[in-house]
Every structure is written in C-alpha cells, then in structure tokens.
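Asks: Next one to model:
(2 chains)
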Amino acid sequence: MITSLPAALRAPFSPGGGNAIDAQLAHRLLGIALEAGGDYADLYFEFRVSADYALEEEQIRALGRGITLGLGVRVTKGDATGYAYCEDLAWDRMAHAARTAGQIAVGGGHPPVGVAPISSVSLPSFYAVPTPSLVVSAHDKLALLRTGDRAARAYDPRIVKVEASLSESIKEILVFTSDGRMASDLQPLIRYGVRAVAEHNGKRQGGSGGGGGRYGMEYFELAARDAEAHGREAARVAIAMLDARDAPAGEMPVVLGAGDSGILLHEAVGHGLEADFNRKQTSNYTGQVGKLVASALCTVVDDGTISNSRGAINVDDEGYPGQNNMLIENGVLVGYMHDRLSSRHFGGQPTGNGRRESFRSMPLPRMTNTSLLGGKDNPEDIVRSVKRGIFAKRFSGGSVNITNGDFVFSLSESYLIEDGQLTAPLKGVNLIGNGPDVLRRVDMVGSDFELSDGVWSCGKDGQSVPVNVGTPTIRISSITVGGTQA
Amino acid sequence: MTAARSSTAGTGGPTDRTVNELRDIAQLAVELARRAGADDAEALVRDGSELTAKVRLGEPELVQEAGSRALGLRVLRGGRRAVTYTSDLRREALEALCAESVTLADLAEVDEYALPPDPSLLAKDVPDLDLYDPRVADVDAAWALRQAIAAESAARKHDARVTNSEGAIWSRVLGATAFATSGGFVGGYLGSYASLVVEPLADDTTDPTNPKKRNGYWWTGSRFIGELEPAEAVGIEAARRTVATIGSRKVETQECAVVFDPEMARSIIGMLFSVANGSSFWRKSSYLIGKEGEAIASPLVTVVDDPLIPRAPGSRPFDGDGLATRRNLVVERGVLCPVLCDVYSARKLGRQSTGSSGRAIGGTPGPTTSNLIMQAGAMSRQELLRNTPKGLYVTHLMGFGFNAVTGDFSRGAQGFWIENGELTYPVSEVTIAANFDEILKRIDAVADDLQLRSAIATPTFRVSQMTLAGTSKN
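Replies: Presented below is the predicted three-dimensional model:
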C-alpha cells in the first residue's frame, strides 16, 4: 500500500476525506438500491488523477491533467442489470443514483432482500509502489521525454521526427456489495512511449518503442526500460522499415516472436473465453470445457497476479481478489474468465475478472495479463525450421469477431523467412485467421517466454481497460498473410 | 454563482436554460483562468445524459441512465499551454483547476504557434441547425426497452436460422454544450441522438465437423426520433444480413475488384480524412503532403465536409476554436483541395483555419470532420454490381492495417463473392490490400445510394483492383 500520498491525490471518499464513505453509509445506500426488489447491488466509488506530458519537435508541448470522481451503482435482478452513476458524492445525488439503478427490479414481485453486514475483503499486493509518479516533480518526467527524443535522434541521421509521451495515473477504488463485501485499492499506472519517423531517398517509415505498467518512476531503472532504450528502439524500427518490401499474400507458416505476440492469444482465444459470451452461448468456445480446443503444446493462463504488470489487479471492480486462472491446459479448455453474473450462471466461483473502465460502466468479464506459457523448443530452431514464411516481431493491434472466432492482427515489424533465415523486412501487414483453427496449428513452442512491456489497452463494449500479454516464440504451421504480392 | 451541479437525467432533458447556465460556467472559468495568470483561456463545458436499454432474447438485460457534467480548460501563457479537465464545477474547484493549469503551462516550452485565433475570426453568431429533438428526451426506459424487444423479436421471427442473439440496444444521448474564449467568443447549443442496433446470431453447420456461429447487425440512428427506421424493419434487416453469412468461406488469393458497401465505404473515406488534414500535414504523418491541387483519387470522387446541414448527425454551429463553421471541399473530382485545418495546424502550415476544429473535454483542439460526405454517383447499386464480372463485395472490415505515412493498407474483410454481376456465396477470413493511393485512384464506379445517417456518409463504390489474400493457389 502506498503510504506517502499527498492529500490532493487521496480520494474524497477514503477515510478522512471530504466525503468519507464508511460501511454504515454504504449499507444505507445499498438498502435504497434494493428497495424496488433487486436481488443484488454494488457501489463502485472511483477517484482518478491523471497527467499527460508530450514532446514534439524537440519541445515540451502538451501538458494535461485531469481528475475524475464518481459513484456507479449497480442493481441486478436475475440476468438483468440496472445501472446509474453520479459525480457528486452528496447524499441526495447518491441516493438518486441508487434509486434509479434499482428501477430495473420494479414489478419483480419479490420481497426486498436484505443487505448483509459489510466487512473488508483481505487483498494481495501486487503493485506496492513506494512513490507514485504523480508525486514526483514534473521536471523529472520532462527530462525523460528529452532523453527519449535525443536517443532516437542520435540513433541515425535519417530520423527526421520524434514524439515522446508519458501518461500517468493513480486510481483509487472502493467497492461495497450487498452480500457484505468491502474492498479498496490504489492502482498506479504509467506508460511511456517514443515514436520516430525515418526518411531516406523519398521513403518514410515510422517506428515506436515504449512500455510501462503499475509502477512509479522506478520503472525507468529496470534493465532496458530506461527512456534512452525506448528512444533507440523506436528509431531502430523506423530505420529497419526503410528497407521494407511489399509483403506476400496467402497462406504460409508464421513464427511469432516472444512477448508482444501474445496479442494473438488475446484476440484469438482470450475474448472467446470471457464467460459472458459463453453464458449467452455466443462464443465459438461455448460448451467446449474439457475438450481439446488447441494444439497440445498450448497452455494459456490469464494471470492478474503478475507484479507491476499493466494488467495486474489486487482486486477486480466487483471486489473479488485478482487471481491466476488456467484457461487452456495442454490444449484442453479448462475454464472461462468470470464476472459475478457469469460465475453465478455457471455455478462456479468468480475468477477476479470483473472489470470496468470507470464508474460510468458496468463490470464485464475482462482479461488481465494473458499468456501462452513457455515450451521446449529452442527459439532459433523455430526460425530455422521455416523454409518460406514470416517472422512477426512487433504488433500495432488486433481485433476479433467473438461469434465466429475470426481475428485480425496488424504487424508493425516483420521479416520474411527464407530457408530458415530472416531476410527482408516487410511493410505493415495483417494476419487473419480463425482463433480455434490457428491454435490447433501451433506446432512449435519456444522456451523463451516473455511478458510484453506494458502498452496494451483492450476495448470491449466501448470500455477500455489496461491489459498485458505474453508468449514465447511460437510457430503456426499456416495462417493467411494479407500482403500485396499475390 | 451557486453550486449548480444538478443532473439532467430524469428531468426531461436539457433546455436553453441549461445552455445559458453552461455558458456562464464557461465564461467564469475563462475569467478565473485569466485572474490566475493566463494570457488566454478557453473553456468547454458539457452536460450530457444517457439512456441505454438493452434486451436479449426478449428480456431486459441492462438499463443504464445517468447524467454528468464536465469542464475542459486550455490555458495559454507566453506561448506555453496546458490542458486540464474536471467534473467538479463548483467555483472553488474551478479556481483550484485554473491555478493548477497555469502552473502546468509554465512547465511547457514556448510554442510560437500556440496563440488564440485572431478575435476578428471568431464566430459572431451561432446558427440554429435544429440539432435537438425534445421528443428524444421524453423517452423513458420502458419505451426504449419495448423498441429493443420489438426489433430483436422481428429478427428472431424473420428466419428460423436465427437461433440466438447478442441482443438489441436502444440508446439516446442528450447534450448541452457551451464554449467560451478570452478572445470574446461565447456560444452553446443542444444536441440529441437516438439509435437502435440489433445483432442476431445464427448457427452455421455447413461444415458439420467444424460448426460455427455467425453474426450480423443492423442499426438506425438520428437526432430526431421521427427519423428512426421502424424497429421491426431494423430487426428484419439485421436477420437478413446475419443468415446471409452462413456458409462463409475463404477464396483463393488473387487480384480482383472490390466493391465497398456504404457501411464500409465510409471507413475508407474516414481514412482519407486522417491523411488529408492540417495536423497530419504538419506532423508529416501523411502520404498526401505536397499533393494539394493534384489528382489523388479518381475523377469520380468528390468529398465535402459540411457542418451546416440542419438536423445532420455531424453538424455543429461553431468549431472547437470558436470560429464559424463552413462547408469545405475535401476532394473535388479527384483533386485534393486545401486540407481541413484548425487554428493551430493552419498557423503551422502558414495558412487560415477552415473552421474545422474539434475539441473534446480534456483534449487539445485539432482538425476533425463534421458531416464528411462522398457525393453519390449516377448508377444504382444493382447496376454497379451487374457491371462487375468478378470480385469481392465487402460488408465488414476488421483490424487497423493502415500506415498514414506510406499509405499501405491491409485489412481483414468479410462479404460476398461477385461472379458475373451477381452476389454468390459469403466470404470470410480474407484480407484486402493495396496502397491507399491506388485504392482512391482505382475507384471506377460510384452508386447513387448515399444516405446521410452517420457523420461520415458514402455511397457504394468499387475499386477496380486490390490484392485479396485467402487460400493458397493449388
């Protein structure tokens, strides 16, 4: 737990704050929420302070700061949810929100359920940041932007443009539930990025580098995580891509590099294993628990307990502790990621995956840190095994149609493999496949598991949450590459 | 001023009084920022309320109803600037925000272009564009749920192959917006928007060894409730689109014509804007730099950005810098017109703003589109298809795959295979790729089916040749 937090960064609803919310007050609000006959209610208080710094054209340009404070009230009646929120913690505003959310249960015909006595949930601590970055002088952060900018420019004279940015936030949450749980958490998040543009002989290419997680400024002291390393990486990609040639089109073997490639897991299987889609039987993985859904080389976990990782959570946004959940073990589907609603539907325990973007949104089953665990193959052997294919190193994003499992992901740095050797860099290209099909085609898994360096955000139903991904080097025997060289 | 933080939810929606109240708050924030030491300040205040009613398989799944207010502030001081926001609009909170904003700005470096617009350019009046329908505000959760139920039920009844549903959502947003600048602009307006979307699911057992699920959707949306399509019609169209995808398969990798359905064509025209605006130009993040006045697309392509269309979804009576808005040509018969600029990007490029600034609470202003419209052609969609011997008709695009700097484009696609001028079987899991420059120049047919139901609107059009990646050739 963070101890040295100045008053300006403490939530008004925390003990000693201007709108301190205690269990007694929460109990009363939950009672109002359930008046119309709901069978469960929860309160989600959120206070978030964020700041942004940006450097462009060798100058510190945009500086921003924002504060968000609010309460979200949820009431459920069976599978139906009523949701309301307010940004003012005055009693009448909160009570109005509670009553509005409770309307979902009107006409239910059941006597109101009581609110259980509230007690604190004991929580783990995966991001005990000694000093949140927001407390540190802004000058130190601006220096990081200049360092990244200089490192990128110094890398090669063909670098013509550099942008560097730093975003930081600290979010305090306080959850009360009508079944008697109370949990609070302080969630720091930092993200640093450098983008470089290289120009040569009329060709232009961009590259980016960056990282972050649930850290304070100590992030920049980690090996290869300093601002200079990120600046150089952005420049390296931009320069390497200057020689990029048109990518091939059609089906071929693809080797995914360690770390960032975990985005494939996130899209290809992760979303399909979020239990809301399976509760509604709208996912391709519906009814597949206990069945072989991937190559036996694949073991996939969603682990909210990885210290300081961008997707780590001590507690989810429904008051359940973060967990390490096995999703696929040696190719066999073991279980889904749940929120409270879906875990009740499936008769299991919540898995600590009930997350929301803010107090304005209801929780949904969401990923945290999703990884394919390491295997036995030597990563170099994996590349050597491919006669003609693609090596995927960096990704700019991906998306999936959960219903049919089709996914796309975009490569920002990739190379042609010819006779087991990396040869030409390729222009930005998409890979397209079907989640279940592609996981069955994973036929080599490296021993070099790597967690991505904390830059990913995941969007679902209009809600964005920070996540992370990880994977070793893996080979997919065949996938469609969307280049232009037919 | 008193602490006016009442929400609009449940009170019948915002009124002109709400706008006046927000104008007062915006002007107060500007005044407080000046007192705190800012040379110039701009404040944007928004009061928004939402209602979302979702049903699934005939039962209510979610009713969300809430209102919120927020203020975004930009302060300028000696060429230094900062952008801040808060949802706490009490006077003391605004005073604290202004002081903090000025301190923050002092940390920035001097940017000689970061100046407010010349006061003579500011909008003198705020035209009434008829953007608010009080009937949207009158909708309650029960009525919204009934609409969603009617739409979903129509979809499920329309075709027995619709076996499941992601549900139907009826939602509305109401907003009052006010903007004030230290240069003397102050204005505000009301807006409403209602929409209904339905997403049915079908089981696809075409390959019994590998059963799949298929989805599709359809929607209607308007600022005016009377302009929404009937719920049943939306449901039926959603069902029709869903079952049409049953049996989707890949096609062989090849070069072929690609016809874009209007829903997807607009994402192509949206991408055109992303490389044809002042910000992408001064950032050197566009392959179109230096091409104003040159042919960058086929002569069949004319695109306008028109913020002044009454009742249209993207209309706005003034821009994010407080300038009057105006109709601008973006591409005229294939020739790139001067790109859309806000005040800052115009200064960076040594020209005048086109009145195209957009600003969100807590954001820096930049060029944005209002109603970005590609002009319709003369032929019907049927005629366009009939004249296409072979190709892909695209109904969905997936992924990002667009490099603004080089114009390289590669995206996942779904749709239908065109053979001898007819849509034949459904296609999925393929990508289409080409350089964006080629895509625009190869537009060789534009249909007449333009509908202004979204802020970016296009008719169906055809690109004569792209690379389709699917199965390998045998």
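Asks: mind giving me the domain ranges of chain A?
Replies: According to the domain assignment given by automatic domain parsing, chain A is divided into the following structural domains: A:7-242, A:249-482.
Asks: Secondary structure of residue B:41: a helix, I assume?
Replies: No. Counting by DSSP: H, G, I helix; E, B strand; the rest coil, one finds residue B:41 to be strand, located in no helix.
Asks: quick revisit: among the domains of chain A, which is nearest chain B?
Replies: Comparing the domains of chain A by their distance to chain B (CB to the nearest CB), the top pick is domain A:249-482, with 2.7 Å. Using the backbone N, CA and C atoms, a C-beta is placed for each residue, glycine as well.
Asks: Quick one: mean pLDDT over the closest one.
Replies: For domain A:249-482, the mean per-residue pLDDT is 94.
Asks: near chain A, which residues of the stretch 101-250 of chain B?
Replies: Taking CB under 8 Å from any CB of the partner chain as the criterion, the stretch 101-250 of chain B approaches chain A at residues B:101, B:104-105, B:107-111, B:141, B:164, B:166, B:201, B:204, B:212-215, B:248, B:250.
Asks: Mind giving me the ChimeraX select for the residues you listed, buried ones only?
Replies: Selection of the buried residues among those in ChimeraX, burial being defined by 16 or more other CB atoms under 10 Å in any protein chain shown:
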select /B:101,104,105,107,108,111,141,164,166,201,204,212,213,214,215,248,250
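Asks: Just the ones in helices from the residues of the stretch 101-250 of chain B next to chain A, please.
Replies: Among these, DSSP state H puts B:101, B:104, B:105, B:107, B:141 in helices.
Asks: re earlier: please identify the most buried of the domains of chain A.
Replies: Greatest average neighbour count among these goes to domain A:249-482 (a mean of 22), per mean count of other CB atoms under 10 Å in any protein chain shown.
Asks: what about that domain, near chain B?
Replies: Yes. When contact is scored as CB under 8 Å from any CB, part of domain A:249-482 falls within range of chain B: A:249-252, A:280-284, A:286, A:360, A:362, A:396-399, A:401, A:403-410, A:427-430, A:432-434, A:480-482.
Asks: and residue B:470, what does it touch?
Replies: With contact set as CB atoms under 8 Å, 6 or more residues apart in numbering or on different chains, residue B:470 has these partners: A:250, A:480, B:250, B:251, B:252, B:253, B:254, B:427, B:429, B:430.
Asks: Please apply the same query to residue B:159.
Replies: For residue B:159, the contacting residues are B:202, B:239, B:240, B:242, B:243, by CB under 8 Å, 6+ apart.
Asks: Apply 10 Å and report the result again.
Replies: Listed by CB atoms under 10 Å, 6 or more residues apart in numbering or on different chains, the contact partners of residue B:159 are B:200, B:202, B:236, B:239, B:240, B:242, B:243, B:244, B:246.
Asks: Burial check on the fifth one, number of neighbours?
Replies: Right, the one you point to is residue B:240. Using other CB atoms under 10 Å in any protein chain shown, residue B:240 is surrounded by 16 other residues.
Asks: Quick check: buried residues in whichever strand or helix holds it?
Replies: Per DSSP states H and E: residue B:240 is located in helix B:231-243. Neighbour-count burial for helix B:231-243, counted by 16+ other CB under 10 Å, picks out B:231, B:232, B:234, B:235, B:236, B:237, B:238, B:239, B:240, B:241, B:242, B:243.
Asks: what sits against the closest residue to residue A:326 other than its chain neighbours?
Replies: Ranked by CB to CB, 6 or more residues apart in numbering or on different chains and with sequence neighbours excluded, the top spatial neighbour of residue A:326 is residue A:334, at 4.8 Å. The neighbourhood of residue A:334, defined by CB under 10 Å, 6+ apart, consists of A:273, A:289, A:290, A:293, A:299, A:300, A:301, A:325, A:326, A:327, A:328.
Asks: is it true that the fourth one touches residue A:269?
Replies: So that's residue A:293. Yes. Assessed by CB atoms under 10 Å, residue A:293 is found in contact with residue A:269 at 7.7 Å.
Asks: overlap in contacts of the two?
Replies: Applying CB under 10 Å, 6+ apart, one finds that residue A:293 and residue A:269 are jointly contacted by A:284, A:285, A:300, A:327, A:328, A:333, A:435, A:436, A:439.
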